[in-house]
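Q: Here is my input; please provide its structure:
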Amino acid sequence: MTTNTSSPSLYEVRNVSKNYGSVVALEDVSVALHAGEVLGLVGDNGAGKSTLVKILSGAHQPDAGSIWLEGVERHWNSPHDAIEAGIETLYQDSGLAPHLSVSANVFLGREKTMPGILGWLGFLAQKSMDETAHADLDRVGIAVPSSNRSVAELSGGQRQAVAIGRAVAWARKVIILDEPTNHLGARQSGEVLQVIKAAKAKGLGVIFISHTLPHVLQVTDRIVVLRLGRVVSDAPTSTFTADTLLGTITGLIGSQG
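A: Residues are numbered from 1 along each chain as shown. You can find the predicted model right below:
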């Protein structure tokens, strides 16, 4: 899918600022994401990435500026508001319950109950959840031998892929991934990057936060660089090399975009 960045944005923040006491976390930040686009968000520690993710996910509210979804200004009072609007966020801690099955994790907090009186009594539609979870994960390229297999039996890469697959399955518009390949080996990271590509093919807007610059260069369409709470670069990924991206992050190379 080719990203049309000339079209109206899917999700964006305009002139957002956020302070924590005397600490300026974000200052006049504007970032736009388009449908079917993977946007890399990079910066050194303290650049403001985590604060921006919390604002985009509804965990924090900006002190100034606005949030727009599909051309409509929105106000998130909690992460639940953002989730209800079709925005899923996966933090570094995937939030999986290792003692539960893959399907139980996919449906965690969204369990399906049996129809009729059995559902009223609280019986879960386990077979339906197993089949749906398997189909959803298969659709984004996650190979899990059985959806009723315990998450504890999976490799680190498979666990992270399941967590992302869960977010992709439920996200209707935007998925935000915070360091999804952190602490994974090359093969496991490759599995996760394939899931990100599948989310893009599904037409979702994807925000990918990572310190692993080769992964950012491999999977993104555009990169936004934050430094000391401000956007210093917003440019197509094709305009960067590993060296120029690192130089832009550290300030050794001037701004782009």
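Q: gap between stretch 54-62 and the chain center?
A: 14 Å (Cα atoms, centre = their mean, to the nearest Å).
Q: Any buried residues in that stretch, and which?
A: 54-60, 62 (16 or more other Cβ atoms under 10 Å). Just so you know, the C-beta spots here come from the backbone N, C-alpha and C atoms, and that holds for glycine as well.
Q: wait, which of those is closest to residue 21?
A: residue 60 (14.0 Å; Cβ to Cβ).
Q: Mind telling me what element that closest one is part of?
A: Using DSSP states H and E, residue 60 falls within no helix or strand.
Q: Residue 167 now?
A: helix 156-170.
Q: Show residues contacting that helix.
A: Helix 156-170 is contacted from outside by 83, 88-90, 94-96, 98, 102, 105-106, 108, 110, 133, 136-137, 139-140, 142, 144, 151, 154, 175, 177, 180-181, 183-185, 187-189, 191-192, 195-196, 198-199, 202, 204, using Cβ atoms under 8 Å, 6 or more residues apart in numbering.
Q: now the helix or strand that that helix is followed by against helix 156-170, angle please.
A: Once the chain leaves helix 156-170, the next helix or strand it forms, by DSSP H and E, is strand 174-178. Put simply, strand 174-178 runs at 160 degrees to helix 156-170, going by axes from the mean of the first three to the mean of the last three Cα atoms, to 10 degrees.
Q: quick one: average confidence on strand 174-178?
A: For strand 174-178, mean pLDDT is 92.
Q: switch to numbering from 287
A: Renumbered: residue one is now 287, and that last one reads strand 460-464.
Q: residue boundaries of the strands in the stretch 337-486 of the chain?
A: 350-355, 358-360, 373-376, 460-464 (DSSP state E, counting those that start in this stretch).
Q: With respect to the ones you listed, which exhibits the lowest mean confidence?
A: strand 373-376 (a mean of 89).
Q: Could you name the helices and strands sitting against it?
A: helix 335-342, helix 442-456, strand 460-464 (3 or more Cβ pairs under 8 Å, 6 or more residues apart in numbering; DSSP states H and E).
Q: for it, the distance to its chain's centre please.
A: Centre-to-centre, strand 373-376 and its host chain are 5 Å apart (Cα atoms, centre = their mean).
Q: Need the CA coordinates for it. PDB is fine.
A: The C-alpha trace of strand 373-376 is given here as PDB (Å, rounded to 0.1, in the frame of the first residue of the first chain):
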ATOM      1  CA  ILE A 373      -6.500   3.600  18.900                       C
ATOM      2  CA  GLU A 374      -4.500   0.800  20.500                       C
ATOM      3  CA  THR A 375      -1.200   1.300  22.300                       C
ATOM      4  CA  LEU A 376       1.400  -1.400  23.100                       C
END
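Q: Which residue lies nearest the spatial centre of the protein?
A: residue 462 (1.8 Å; Cα atoms, centre = their mean).
Q: That one touches residue 485, doesn't it?
A: No - assessed by Cβ atoms under 8 Å, residue 462 is found out of contact with residue 485, at 10.9 Å.
Q: Give the residues shared as contacts by those two.
A: With contacts taken as Cβ under 8 Å, 6+ apart, the residues that reach both residue 462 and residue 485 are residue 492.
Q: what about residue 329, distance to residue 317?
A: 12 Å (Cβ to Cβ, to the nearest Å).
Q: Mind checking which of those two has more residues around it?
A: residue 329 (25 against 20; other Cβ atoms under 10 Å).
Q: remind me which residues of the stretch 337-486 of the chain are low pLDDT?
A: Along the stretch 337-486 of the chain, segments meeting pLDDT under 70 span 378-380, 397, 400, 404-405, 407, 409, 411, 425-434.
Q: hang on, the earlier thing: now which of the contacts of helix 442-456 would you call buried?
A: Among these, those classed as buried by 16+ other Cβ under 10 Å are 369, 374-376, 380, 382, 388, 391-392, 419, 422-423, 426, 428, 430, 437, 440, 461, 463, 466-467, 470, 474-475, 477-478, 481-482, 484-485, 488, 490.
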